[in-house]
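Chemist: Requesting a structural model of the entry that follows:
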Amino acid sequence: MPMTPDSRPSGPPHRRSRALPVASVLAVAMLLNVVTSVDGVAGTLIVAVLLFIGAAVLALVGKKALAHADPTPKRAISEAQQTIATIKGQS
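Modeler: Have a look, this model is predicted:
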């Protein structure tokens with residue numbers, strides 16, 4: 001089956017694979033910055049709370065985006081219909 005522009009994953013692969021390491025480095029940098037200015041345990045708790053708030057915001061944004069998404073697999077349905085038509089045409 002040839003690759004069509006619709007069958008490629010969205011976004012370049014190098015951007016998708018770099019997100020987690022970058023987020024980890026930013027979290028560690030934030031933790032080190034806060035811990036040096038505040039007591040170690042308090043700084044860690046502050047960073048943990050900030051990360052949980054960020055995760056909650058991203059979860060709400062993702063939930064809102066999924067609410068507007070159409071979950072119908074239109075390409076799969078059309079391919080199945082074409083396959084059925086082809087099989088019926090051969091019999």
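Chemist: Next SSE downstream of the top helix by length along the chain?
Modeler: Ranked by residue count and defined by DSSP state H, the top helix of the chain is helix 40-67. Heading C-terminal from helix 40-67, the first helix or strand you meet, by DSSP states H and E, is helix 74-90.
Chemist: Which of the residues in that next one are classified as buried?
Modeler: By neighbour count with 16 or more other CB atoms under 10 Å, helix 74-90 contains no buried residues. The way it works is simple: take the backbone N, C-alpha and C, and place the C-beta from them, glycine included.
Chemist: on that earlier part again, pLDDT of the longest helix of the chain, averaged?
Modeler: Averaged across helix 40-67, the pLDDT comes to 87.
Chemist: on contacts alone, who are the packing partners of it?
Modeler: The elements that helix 40-67 packs onto, with contact taken as 3 or more CB pairs under 8 Å, 6 or more residues apart in numbering; DSSP states H and E, are helix 13-37.
Chemist: by how many degrees do the helix it packs on and helix 40-67 diverge?
Modeler: Computed by axes from the mean of the first three to the mean of the last three CA atoms, to 10 degrees, the angle separating helix 13-37 from helix 40-67 equals 150 degrees.
Chemist: Can you give the distance from helix 13-37 to the centre of its chain?
Modeler: A distance of 17 Å separates the centroid of the chain from that of helix 13-37, by CA atoms, centre = their mean, to the nearest Å.
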